[in-house]
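Undergrad: got a predicted structure plus its sequence, pasted below:
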Amino acid sequence: MMDRVLFTKGHGTGNDFVILDDHDGALDLTPSLVAALCDRHRGIGADGVLRVVRSAKHPDGAGYAAEAEWFMDYWNADGTIAEMCGNGVRVFSRYLLTHDLAAAGPAGLPVATRSGVVRAVFEGDLISVHMRTPEVYAASTATIGPLTFPGIAVNCGNPHLVAGLHDGVRLDRIDLHVAPGYDPGVFPEGVNVEFTTPGEPVEGTDRHVHMRVYERGSAETLSCGSGALAVGAVALREAGLTEGRVAVDLPGGRLLVTADGDGRWWLAGPAVLVATGEVDVAALS
Ligand SMILES: N[C@@H](CCC[C@H](N)C(=O)O)C(=O)O
């Protein structure tokens with residue numbers, strides 16, 4: 001174990017990450033180290049950790065090494081790993097570009113994740129990521145205290161449950177300090193739960209949705225990219241559209257979800273690197 005580790009801090013619409021540069025996978029990253037780094041009082045504080053490692057050097061990335069040099073080793077704040085992180089991919093891509101570790105070619109910058117290779121395209125301040133196609137697959141329910149909300153299960157590589165609020169229940173009033181209830185029969189690996197209400201029309205989009213999210217492994221976050229993708233997929237489906245654009249407003253800002261005419265799904269939003277530093281690993285534990 002190294003005593004001191006360099007880190008960068010970044011976020012995408014307020015979904016924040018500690019980024020660890022570990023090209024050859026030398027760092028002994030454990031669930032307890034991740035949880036300590038993400039601790040907002042005793043550590044750096046973040047919703048998750050992104051380890052920047054060569055695909056060839058990580059067991060979960062090796063299969064993608066021919067297609068993507070870099071593997072996003074994503075960890076939730078509680079030290080669990082997840083298959084996908086939509087905001088993380090943008091922040092990870094921003095990091096690769098900023099540090100000259102990769103170039104933004106015309107086909108986009110490939111990033112390997114546990115649910116396959118995605119591609120990031122840089123458009124000024126925004127980064128647009130060609131995500132895997134979200135799969136809307138089952139009806140289910142989410143509960144908050146005594147309230148039950150009908151929802152739809154969506155697989156974005158990681159699991160999501162998109163639940164619309166009843167009339168009269170305000171999005172800004174629901175209590176997400178505790179985890180919403182869900183059916184473990186539908187989600188044996190746990191689930192990220194998105195609560196939604198429709199928004200006013202937004203120019204240039206087909207649908208507008210407000211959402212809050214309770215993330216598996218990270219509790220309520222200001223934003224969840226894969227959650228926005230799931231919400232966008234449900235919004236277009238409910239509108240009877242197979243292509244179109246959805247503006248998804250989260251507490252941390254706006255993400256755009258687009259299903260294009262070629263059947264590809266895109267997630268677009270900002271990604272910012274805000275700090276670098278050195279952490280004393282012994283002091284953390
Ligand atoms: N915030 C992320 C999702 C991170 C993973 C999630 N908590 C899970 O366990 O599946 C995003 O932007 O997609």
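TA: Here it is on my side, so go on.

Undergrad: next one: the nearest residue to residue 252 once chain neighbours are set aside from residue 213, what distance?
TA: In space, and not counting its chain neighbours, residue 252 is closest to residue 14: 2.6 Å by CB to CB, 6 or more residues apart in numbering. For every residue, glycine as well, the C-beta is placed using N, CA and C. Distance, residue 14 to residue 213, using CB to CB, to the nearest Å: 11 Å.

Undergrad: more neighbours: which of those two?
TA: Between residue 14 and residue 213, counted using other CB atoms under 10 Å, residue 213 has the larger neighbour count: 29 against 16.

Undergrad: show me what the more buried one is bridged to.
TA: residue 194, residue 221 (DSSP bridges).

Undergrad: so it sits right up against residue 191, yeah?
TA: No. Taking contacts as CB atoms under 8 Å, residue 213 lies outside contact range of residue 191: 10.8 Å.

Undergrad: next to the ligand, which bits of the protein? Give me the list.
TA: 15, 76, 82, 85-88, 158, 192, 215-218, 221, 224-226 (CB under 6 Å from any ligand atom).

Undergrad: filter these down to the buried ones.
TA: 15, 76, 82, 85-88, 158, 192, 215-218, 221, 224-226 (16 or more other CB atoms under 10 Å).

Undergrad: okay, helices next: where are they in the stretch 51-200 of the chain?
TA: 86-98 (DSSP state H, counting those that start in this stretch).

Undergrad: which residues of it score low on pLDDT?
TA: Within the stretch 51-200 of the chain, no range satisfies pLDDT under 70.

Undergrad: hang on, the earlier thing: contacts only, for the residue nearest to residue 252.
TA: 221-223, 250-253 (CB atoms under 8 Å, 6 or more residues apart in numbering).

Undergrad: ditto for residue 65
TA: Contacts of residue 65 by CB under 8 Å, 6+ apart are 54-56, 112.

Undergrad: just these: which are in strands?
TA: 54, 112 (DSSP state E).

Undergrad: ok, and the most crowded of the contacts of residue 65?
TA: Counting by other CB under 10 Å, top hit in the contacts of residue 65: residue 112 with 26 neighbours.

Undergrad: show me this protein divided up by domain.
TA: Here the domain assignment for the chain is 4-130+271-284, 135-263, based on automatic domain parsing.

Undergrad: quick one: contacts for the nearest residue in space to residue 12 that is not next to it in sequence?
TA: Closest residue to residue 12 apart from its sequence neighbours, by CB to CB, 6+ apart: residue 87 at 3.4 Å. Residue 87 makes contact with 11-13, 15, 17, 223-225, 269, 271, according to CB under 8 Å, 6+ apart.

Undergrad: shared neighbours of residue 14 and residue 213, which are they?
TA: 221, 223, 250.

Undergrad: ok, of those residues, which one's closest to residue 167?
TA: residue 250 (21.7 Å; CB to CB).

Undergrad: isn't the closest one up against residue 223?
TA: Yes. Using CB under 8 Å, residue 250 makes contact with residue 223 at a distance of 4.4 Å.

Undergrad: who touches both of these two?
TA: With CB under 8 Å, 6+ apart, residue 250 and residue 223 have common neighbours 13-14, 213.

Undergrad: quick check, nearest of those to the ligand?
TA: The shortest gap between the ligand and any of those belongs to residue 213, at 7.8 Å (CB to the nearest ligand atom).
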